[in-house]
Each structure stands twice: as C-alpha cells, then as structure tokens.
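>>> Dropping a prediction and its sequence here:
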Amino acid sequence: MRYLALYLAVGVITLALTLLQSHLEKKKHGPSFSETMEELRLQKASTWQRIAHKIIVPVLAGIAIICVWPVAIVFLVQSVIEHRRLAKLEEDKKFRIREQDLIEQLSIDEIEECERVDDPLGGAPDKPFGHLWPAWQAYVKELSADATLWSFAATDDTSHTAVRLEGYVHFDNGEAGSMFVTAKVPLSEED
Amino acid sequence: MTAQTPEKLTYNGEQYAMCTEPLSEFVAVGGKLPEFVWPDTACWRGYIGEWEITEDRLYLVGLEGALTDGTKANIESVFPGYSDRVFAHWYSGTIRLPQGELLDYVHGGYLSTYERDLLLTFEKGVLVGTETRKNNRPDPELSF
C-alpha cells in the first residue's frame, strides 16, 4: 500500500511538472495557431462539447499521467529537448544586420532632425517619427549614452517572404544590437 | 484562413476595397494597437479601416470595430488626440485595389483574383507610383 501511495505521489509531481512546463511555454510563445483555431471552434460548439473539452478531457489526461507517469516523464523530457532545439534553431535563423547593410553613422539628434514628420493636414504629430515617436523614445531609452547608431537598408530573407528593411541600428565592434525599423516592405510587392 | 473583409479606400473620388492592411505595417514598425474583438473569422484583425488619398498622401479617416473592454473603436482608440484623420507616414509598400470581374474565388485572405489590380505604391505614406495590372484566369490545374 505504501509503495502504491509513493507511486501515485510521484505521478502527482509529474502532473504538476507537466502543467508547469505547458504554462511556461504558453507564457513564452502565446497560444499556438491550432489552439486559437480550437478556441474559435469551441465558441460555436454545444455546451456538452465545451464541457468535454474544458473539463472531462483534461481530468482524464491528468488521471492518465498520475497512473502511468513513467511514460509521461519520457514525453515531458522529449518535449523539453524539442523546445530547446527549436529555440536554438530560431535563434540561429534570426535576421541580423551585417556591416555591408550599414549606410551612415548618425547621432540621435541628426536622426531626429531628418525623421521629423510634417503633415500639412495635421494628421501626425510634428515630432520625429510622428505617430511612432513613443516607440522611438522607448528605443533610445534602452541605448547606452555612448551608443553608436547607423542607418541601414537590408534584405531579410529568413522567412518565406523576403522583406526590405530600413531603419536604424546600434552597431558596435562589428556586432549589431537592437534596431529601429522604419520600413518593412515585402519584396514580392516590388517586383 | 477565411477570405478577409477588406479595408476601404477613397481615391480620386471613387471607393475601392483594399487587399492591404496599412495598420499591420504600423505594428510591424513598432506601433501599438489596442486589443480588438474578432467579430468572426472573416475579420481576424477585428477592425475595418477607412482610408483616403488626399494630395498624394495616405490617410486613415475612419475605423470600425469593438475593443475587448466592450467599447466601440474609432481612430482615437489607436491614435489618441486624432479623431478626423491620421497620416500613414509609417506605410511604405504597395496597396492592391482589385477591380472588374471576379475571375477566381479563393476562400482565404485576399487571394481571390479579379480582372485587374490597381497598384498604388507608397514611400513613407506618400504616393509615388500607380500601375494597373491585368490578371488572367488562373490555370485550374495550378490552383489549390
């Protein structure tokens, strides 16, 4: 009896770890496309289907995890390894500005002078980057006092649609830091 | 994805349906939108913008939708202090305005093909080029 209680206690811990891992993944990446689709489908589903999906299925899955936790642990470990692999792949694939994309080194004052938006019909604030002024302020706030900024124009072909990117980037010792994008145009539109 | 309800654009006194969403570009370059309610799968973005071109500049002149806090959305929900018009200075790219007969209906996004497309190219919200593209009926063997 004591062994059974111990076995089930490990099952409960495994269930808690599984829920925690799922919660952390959702917090990090948001709901997946299939989860969003499922949520929309459920909005139109009957009450019984909603109860089955929201209560019965999770409870049965929880009981299954507690009962056969060694299998659940294998799935949990596999899932963690897979998420780490995908995160690394994503990081390697990420678009980065290269030295040849840089155009001109500029001070913050020079950038703000040349990006001032002037609309004769008063449809934008008379400030650098107009309606994007708060975004620019937030970007500048993150920079160190001696940060070097460059204007850039580059092609980001890391996703299935290549895009032309323009903007400003913090670039130091051959390393690109954060960037402020002012134009993002799919290249298919420019053919 | 279901075929999407288009935005509206008034250009040279005529109203067109737009197969482009300039507010998506606003988000892409760092702007923020409030949270809209999805009315249905035909409007994933949750709002319908009304645009016009005046003196070769693209303006947002209307916005319909509902916010997640239950209030009705308007231009000021996105651009506080601007109730009549907003200059879309963040937008660079090509706006596609379909015209003429529907040649091929595709139940997704803005993928349907019409007889012609009027293509308006903008740089930082200013109209820099127009072009009319004539489309052919897609080869049914290549359709998906």
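Now that the structure is in, tell me what you want to look at.

>>> So for residue 132, what's the pLDDT?
By default, I'm working from chain A. On pLDDT, A:Leu132 comes in at 96.

>>> could you do chain B instead?
Looking at B:Thr132, its pLDDT is 92.

>>> Ok, A:Asp101 next?
92.

>>> B:Gly109 too?
In this model, B:Gly109 carries a pLDDT of 66.

>>> do the one 3 residues further on as well
What the model reports as pLDDT for B:Ser112 is 79.

>>> What lies in contact with the lengthiest helix in chain B?
Longest helix in chain B by number of residues, with DSSP state H as the criterion: helix B:22-28. By CB atoms under 8 Å, 6 or more residues apart in numbering or on different chains, the list of residues contacting helix B:22-28 from outside reads A:131, A:181, A:184, B:7, B:31, B:33, B:45, B:47, B:49, B:51, B:58, B:60, B:78, B:88, B:90-93, B:95. In this view, the C-beta of every residue, glycine as well, is placed from N, C-alpha and C.

>>> Put the buried members of these into a ChimeraX selection.
Buried subset of those, written as a ChimeraX selection, criterion 16 or more other CB atoms under 10 Å in any protein chain shown:
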select /A:131,181,184 /B:7,31,33,45,47,49,51,58,60,78,88,90,91,92,93,95
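
>>> Who are the contact partners of B:Leu60?
B:Leu60 makes contact with B:Pro22, B:Leu23, B:Gly49, B:Glu50, B:Trp51, B:Ile75, B:Phe79, B:Arg85, B:Val86, B:Ala88 under the criterion CB under 8 Å, 6+ apart.

>>> Indicate each strand paired with the helix or strand bottoming out on mean pLDDT in chain B and its parallel or antiparallel sense.
In chain B, the helix or strand scored least confidently by mean pLDDT, DSSP states H and E is strand B:93-104, which has a mean of 87. Within its sheet, and counting by DSSP bridges, strand B:93-104 is paired with strand B:113-123 (antiparallel).

>>> quick revisit: outside of the least confident helix or strand of chain B itself, list whatever touches it.
Outside strand B:93-104, the residues touching it (CB under 8 Å, 6+ apart) are A:185-186, A:189-190, B:9, B:11, B:16-20, B:22, B:25, B:58, B:110, B:112-122, B:135-138, B:143.

>>> From those residues, keep the buried residues only.
Neighbour counting with 16+ other CB under 10 Å marks A:185, A:189, B:9, B:11, B:16, B:18-20, B:22, B:25, B:58, B:113-114, B:117-122, B:135 as buried within those.

>>> At the contact with chain A, which residues of chain B appear?
B:25-26, B:28-32, B:38, B:41, B:54-55, B:57, B:59, B:79, B:82, B:85-87, B:89-90, B:92-94, B:121, B:124 (CB under 8 Å from any CB of the partner chain).

>>> Need the nearest residue in space to A:Glu142, chain neighbours excluded.
Spatial nearest neighbour of A:Glu142, excluding adjacent residues (CB to CB, 6 or more residues apart in numbering or on different chains): A:Ser178 at 6.5 Å.

>>> could you show me where the strands are in chain A, in order?
Counting by DSSP state E, chain A has strands at residues A:102-106, A:149-156, A:163-172, A:175-186.

>>> among the ones you listed, which is nearest A:Ala135?
strand A:175-186 (7.5 Å; CB to CB).

>>> In its sheet, which strands sit next to the closest one, and in what direction?
strand A:163-172 (antiparallel).

>>> Spell out which residues of chain A are next to chain B.
A:40, A:117, A:119-124, A:130-132, A:134-136, A:139, A:166-167, A:180-186, A:189-190.

>>> The same query, at a cut-off of 6 Å, please.
Of all the residues in chain A, those in contact range of chain B (CB under 6 Å from any CB of the partner chain) are A:Val117, A:Asp119, A:Gly123, A:Ala124, A:Gly130, A:Leu132, A:Ala135, A:Val181, A:Ala183, A:Lys184, A:Val185, A:Glu189.

>>> Adding distance to A:Thr36, write those out as JSON lines.
JSON lines is the format used below for the residues of chain A next to chain B (distance: CB to CB, whole Å):
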{"residue": "A:Val117", "distance to A:Thr36": "35"}
{"residue": "A:Asp119", "distance to A:Thr36": "37"}
{"residue": "A:Gly123", "distance to A:Thr36": "34"}
{"residue": "A:Ala124", "distance to A:Thr36": "34"}
{"residue": "A:Gly130", "distance to A:Thr36": "32"}
{"residue": "A:Leu132", "distance to A:Thr36": "28"}
{"residue": "A:Ala135", "distance to A:Thr36": "26"}
{"residue": "A:Val181", "distance to A:Thr36": "26"}
{"residue": "A:Ala183", "distance to A:Thr36": "29"}
{"residue": "A:Lys184", "distance to A:Thr36": "24"}
{"residue": "A:Val185", "distance to A:Thr36": "27"}
{"residue": "A:Glu189", "distance to A:Thr36": "27"}
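
>>> Can you find the helix or strand in chain A with the smallest mean pLDDT?
Least confident helix or strand, chain A: helix A:33-43 with a mean of 73, by mean pLDDT, DSSP H and E.

>>> Counting by contacts, list what it packs against.
The criterion is 3 or more CB pairs under 6 Å, 6 or more residues apart in numbering or on different chains; DSSP states H and E, and there are no helices or strands that helix A:33-43 contacts.

>>> Spatially nearest residue to A:Tyr7, not counting backbone neighbours?
Leaving aside its sequence neighbours, A:Tyr7 sits nearest to A:Trp69 (CB to CB, 6+ apart; 7.9 Å).
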